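[1] Sequence unavailable; structure follows:
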């Protein structure tokens, strides 16, 4: 999510690391926009909302799938980003 969400937050921050995700991990885009020119910070995918991405992974067990998802979340970086670490912790 964007820093400040669910309140005020900035948009237009370059999202790094999407190309570093494991091949079988899915990044669901919500608050993103593709910058097809150099008018922004750089060509690529930029933040464009509060809830920016959701990362989904599978595994032989829920514990393994959760660990793989968070390992891939750690590869994604953008200014003022934050994410929850408790998803599926009690499942």
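    Received, thanks. Here the structure is a predicted model, which is why all the values come from computation and not from measurement.
[2] confidence score at the residue nearest the centre of the chain?
    In the chain, the centroid-proximal residue (Cα atoms, centre = their mean) is residue 53; its distance is 4.0 Å. Looking at residue 53, its pLDDT is 98.
[3] That one contacts residue 26, correct?
    No. Checked against Cβ atoms under 8 Å, the pair residue 53 and residue 26 is beyond contact range at 10.1 Å. In short, each C-beta sits where N, CA and C put it, glycine included.
[4] quick one on the thing from earlier: what are the phi and psi angles of the residue nearest to the centre of the chain?
    phi -140, psi 160 (degrees, to the nearest 10).
[5] And for residue 46?
    According to degrees, to the nearest 10, residue 46 has phi -120, psi 160.
[6] Also the one 3 residues further on?
    Backbone dihedrals for residue 49, given as degrees, to the nearest 10, come out at phi -170, psi -180.
[7] Figure out the length between the terminal residues of stretch 83-91.
    18 Å (Cα to Cα, to the nearest Å).
[8] Make residue 1 into 195 and carry on from there
    Sure thing, new numbering starts at 195, so read that last one as stretch 277-285.
[9] Next, the buried residues of that stretch.
    Residues of stretch 277-285 include none that count as buried (16 or more other Cβ atoms under 10 Å).
[10] gap between it and the chain center?
    Chain-centre distance of stretch 277-285: 15 Å, with Cα atoms, centre = their mean, to the nearest Å.
[11] how about stretch 247-257: buried residues?
    247, 249, 251.
[12] oh sorry, the question was meant for stretch 241-248
    In stretch 241-248, counting by 16+ other Cβ under 10 Å, buried: 241, 242, 243, 244, 246, 247.
[13] go on, stretch 259-279?
    Neighbour-count burial for stretch 259-279 [16+ other Cβ under 10 Å]: 259, 260, 262, 263, 264, 266, 267, 270, 272, 275.
[14] Output those residues in a markdown table, with distance to residue 209, secondary structure and pLDDT appended to each entry.
    Shown next, in a markdown table, are the buried residues of stretch 259-279 (distance: Cβ to Cβ, whole Å; DSSP: H, G, I helix; E, B strand; the rest coil; pLDDT from 0 to 100):
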| residue | distance to residue 209 | secondary structure | pLDDT |
| --- | --- | --- | --- |
| 259 | 23 | helix | 96 |
| 260 | 22 | helix | 96 |
| 262 | 20 | helix | 97 |
| 263 | 17 | helix | 97 |
| 264 | 17 | helix | 97 |
| 266 | 13 | helix | 98 |
| 267 | 12 | helix | 97 |
| 270 | 7 | coil | 97 |
| 272 | 5 | coil | 97 |
| 275 | 8 | coil | 97 |
